[in-house]
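# With the input below, show me the fold.
(one chain, ligands or ions: 1)
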Amino acid sequence: MLKPKIQEALNKQVTVEAQSSQIYLAMASWAETQGFEGVSQFMYAHSDEERMHMLKLVKFINERGGHAIISPLAAPPVSFGSFKEMFQELFNHEVAVSESINDLVDICLQEKDYATHNFLQWYVSEQIEEEALARNILDKISLIGDDKSGFYLFDNDIKQLITAPEEEV
Ligand code: FEO
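Residues are numbered from 1 along each chain as shown. Alright, predicted model coming up:
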């Protein structure tokens, strides 16, 4: 049985993951309107991944005898300036998500909930990967600079970084 404090913290994380999915969906749509097919595919897939992160939490909370609560989400931005700014925002967002996961792990230790602590280790590893991926993309964008043909190649290359969400469960 989940302690109320743990359930509340996990439900907050459900909202964080849902909000991430929503933001990346907005990024996907914006990139699509800019004609960047690869970037938009990457963002659509990333949005799906975040939904999977959310669902995993929902199932875990309910399996442990709790009740996963689906909360309203804030509207994401409509446009994102430039690709550099958009990926910078993605990186900043992932750093914030990592902090949120770390806080959650901390609460589990305080409450001696080792089952939830164990469950969360998947998220800890996932955040290391997600931050590294975002950093890697930002490095590539910095190398491109203002080179238009570089962006064309980048848009193609980024398709290789798309992972199917089900591969991760
Ligand atoms: Fe589910 Fe990208 O954090």
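# hey, let's count contacts and neighbours off CA atoms from now on
OK.
# The ligand contacts on the protein?
Proximity of the chain to the ligand, by CA under 6 Å from any ligand atom, involves residues E17, E50, H53, E94, V97, E130.
# So the third one versus F80, what's the distance?
I take that to be H53. As for H53, its distance to F80 is 24 Å (criterion: CA to CA, to the nearest Å).
# With F42 instead?
For F42, the distance to F80 - CA to CA - is 15 Å.
# neighbour count winner among these two?
Legend: neighbour count by other CA atoms under 10 Å for F42 and F80, higher for F42 (22 against 15).
# mind listing what the closest residue to that one other than its chain neighbours touches?
Nearest non-adjacent residue to F42, counting by CA to CA, 6 or more residues apart in numbering: I162, 5.6 Å away. By CA atoms under 8 Å, 6 or more residues apart in numbering, the contact list for I162 reads Q41, F42, A45, H46.
# Just the ones in helices from those residues, please.
Counting by DSSP state H, the part of these found in helices is Q41, F42, A45, H46.
# from memory the third one sits against K159, does it?
No - in this structure, A45 sits apart from K159 without contact. The criterion is CA atoms under 8 Å, and the distance is 10.0 Å.
# more crowded one of those two?
In this view A45 and K159 are compared by other CA under 10 Å, and A45 has more residues nearby, 22 against 16.
# what's the residue of the chain found nearest the ligand in contact with, if anything?
Across the chain, the shortest distance to the ligand (CA to the nearest ligand atom) belongs to E50, at 4.7 Å. Residues near E50 by CA under 8 Å, 6+ apart: E17, A18, S20, S21.
# buried ones in the helix or strand harbouring it?
For E50, the enclosing helix or strand under DSSP states H and E is helix 37-63. Residues 37-55, 57-58, 60-61 are the ones in helix 37-63 that count as buried (16 or more other CA atoms under 10 Å).
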